[in-house]
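Asker: next one to model:
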Amino acid sequence: MEIPLGSPEESEKSPQSKELVTSRTGSTLCMSSRSESVWTSASRSRWDIYHKPVIVVSVGAAIFLLGTVVTSLSCVLSSHKNVYKMSGPAFLSLGLMLLVCGLVWIPIIRKKQKQRQKSQFLQSLKSFFFNR
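Answerer: Okay, the predicted model is just below:
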């Protein structure tokens, strides 16, 4: 049985060119798997660090307030009372969940920043003493 060749270009490639392609692919994979923030030492502003949890807390607080308003409307208004009674607590719980997640996220980021600073300090000490 003969194995059909995919294309004439594949059969013309030398083994060296095939090795180059695979090695280039491997290095690309390694480079893309690294996190840029870990390998760069540029300092970031507080907004760059905390903007995601601040946005989550703000959205959670807004949804929580919306849930409070909708729930209070169910007590005041008589029309569409069932809709207000169902959607009010849903907004309350969703808003509270986002609010708590954002508030818990902030100390986690602070702890990671302290660990990163300690790690960078220890790396600089190592390089100072062992590169002499």
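Asker: going by C-alpha atoms from here, please, whenever you check contacts or count neighbours.
Answerer: Noted.
Asker: show me what the lengthiest helix in the chain is packed up against.
Answerer: The residue-count maximum for a helix in the chain (DSSP state H) belongs to helix 81-130. Under the contact criterion of 3 or more CA pairs under 8 Å, 6 or more residues apart in numbering; DSSP states H and E, helix 81-130 touches helix 46-76.
Asker: what angle do the helix it packs on and helix 81-130 make?
Answerer: Angular relation of helix 46-76 and helix 81-130 on a 0 to 180 degree scale: 160 degrees, by axes from the mean of the first three to the mean of the last three CA atoms, to 10 degrees.
Asker: and helix 46-76, what does it pack against?
Answerer: For helix 46-76, the packing partners by 3+ CA pairs under 8 Å, 6+ apart are helix 81-130.
Asker: what mean pLDDT does the helix it packs on have?
Answerer: What helix 81-130 shows for mean pLDDT is 89.
Asker: can you pull the contacts of the closest residue in space to L98 that isn't next to it in sequence?
Answerer: Spatial nearest neighbour of L98, chain neighbours left out: G60 (4.5 Å); criterion: CA to CA, 6 or more residues apart in numbering. Under the criterion of CA atoms under 8 Å, 6 or more residues apart in numbering, the neighbours of G60 are 94-99.
Asker: and G60, how far from W105?
Answerer: 13 Å (CA to CA, to the nearest Å).
Asker: and E36, what pLDDT?
Answerer: 47.
Asker: now swap in L20 and tell me
Answerer: 51.
Asker: again with S43
Answerer: So S43 comes in at 76 (pLDDT).
Asker: neighbours of it, how many?
Answerer: 9 (other CA atoms under 10 Å).
Asker: distance check, the residue nearest to A90 when sequence neighbours are not counted against S78.
Answerer: Counting by CA to CA, 6+ apart, A90 lies nearest to G67, which is 7.2 Å off, once chain neighbours are set aside. Computed as CA to CA, the G67 to S78 distance reads 17 Å.
Asker: these two - which one has more neighbours?
Answerer: Using other CA under 10 Å as the criterion, G67 and S78 rank with G67 on top: 23 against 10.
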